[in-house]
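**Q** Sequence first, then the predicted structure, then my questions.
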Amino acid sequence: MSAFQTKSKTEGKMVFRLANESLTLGRNPILHGIDLEVRSGEKIALIGPSGAGKTSLLNLLYQQQPGQVALQPQQTGLVDLLSTYQNIFMGALDRVATLPALWNLVRPLAQHRAEIEKLAETLGLSDKLWQSVDRLSGGQRQRVAIGRALYRRQSIFLGDEPVSAVDPLQAKLLLEHLLDQHETAVVSLHNRQLALEHFDRLVIVVDGRIVCDAPAASLNEAKLDSFYQQDPTPEPPAEPAPAGEWAISGS
């Protein structure tokens, strides 16, 4: 463990544990000797250059207890031909019997409709609720994926760049809402300022290795720069939302 790596002081229950885990796809090594513990109540940001292995690390965590996690993958995983409502409802499939779930595709169930309408209002998607998601912008699709994760109603959230397609103000508010609604979170981010401001602990991944695991309060952007070379791939510009299109309401 380097001078910048510290063990978590959290007293919560162990949620995930990786001990000297490695991952190879074909002949390509992806992760090398990963040691990571996550306890309940922790909010952890994974940061590092593109291709460093953050997505693979999240997948390893997810595989440990998929039934207990609200997952938001980077590519959103939405079903394009279904509506915003139906995609958000998919977050409830584990707690809804098969027949009611199928019926809901034809005629929305009253209780779920009311709950999802309220959630869509919070996420600024009320006017998109009955549109197929293939007609939505990148930022809107990402908010649908956030809605689906929230509708899973799990205590653990794993997110892979969950707010990358929205503008900075939206990203901040959405991330705060996600963290507030989940007891434990591990989130991959490119935005180091968001990581420093909103997470208790930062795990830096470079070339498939954890090179730093430390409390966010002990780090700053200058220190982060010392751990890895700046990602040369520019991030796409955020897609601004029209004024009044959405708002996070109090919960």
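**A** Okay, I see it.

**Q** going forward, measure contacts between C-alpha atoms and count neighbours the same way
**A** OK.

**Q** shaky segments in the stretch 1-150 of the chain?
**A** 1-11 (pLDDT under 70).

**Q** And the strands in it?
**A** 14-25, 28-39, 43-47, 69-72 (DSSP state E, counting those that start in this stretch).

**Q** Dump these to a markdown table, plus distance to residue 116.
**A** Conversion of the strands of the stretch 1-150 of the chain to a markdown table gives the following (distance: least, CA to CA, whole Å):
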| stretch | distance to residue 116 |
| --- | --- |
| strand 14-25 | 28 |
| strand 28-39 | 30 |
| strand 43-47 | 26 |
| strand 69-72 | 16 |
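
**Q** Ok, which of those strands comes nearest residue 135?
**A** Residue 135 lies closest to strand 69-72 among the strands of the stretch 1-150 of the chain, at 19.9 Å (CA to CA).

**Q** can you pull out the helices in the stretch 151-251 of the chain?
**A** Secondary structure of the stretch 151-251 of the chain (DSSP state H, counting those that start in this stretch): helices located at 168-181, 192-198, 221-227.

**Q** quick one: buried residues of the last one?
**A** Of the residues in helix 221-227, those with enough neighbours to count as buried (16 or more other CA atoms under 10 Å) are residue 224.

**Q** Quick one: list the elements packing against that helix.
**A** Helices and strands touching helix 221-227, as assessed by 3 or more CA pairs under 8 Å, 6 or more residues apart in numbering; DSSP states H and E, are absent.

**Q** One more: the second one?
**A** Under the contact criterion of 3+ CA pairs under 8 Å, 6+ apart, helix 192-198 touches strand 43-47.

**Q** coming back round to it: dump the helices of the stretch 151-251 of the chain to CSV, plus mean pLDDT and distance to residue 210.
**A** Below are these laid out as CSV (pLDDT from 0 to 100; distance: least, CA to CA, whole Å):
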stretch, mean pLDDT, distance to residue 210
helix 168-181, 94, 23
helix 192-198, 94, 16
helix 221-227, 82, 10
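
**Q** Among those helices, which comes closest to residue 22?
**A** helix 221-227 (20.8 Å).

**Q** buried stuff in stretch 124-134?
**A** Result for stretch 124-134 [16+ other CA under 10 Å]: buried residues 124, 125, 126, 128, 129, 131, 132, 133.

**Q** Tabulate those in a markdown table, adding columns for distance to residue 93.
**A** A markdown table is the format used below for those (distance: CA to CA, whole Å):
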| residue | distance to residue 93 |
| --- | --- |
| 124 | 23 |
| 125 | 21 |
| 126 | 21 |
| 128 | 21 |
| 129 | 18 |
| 131 | 20 |
| 132 | 19 |
| 133 | 19 |
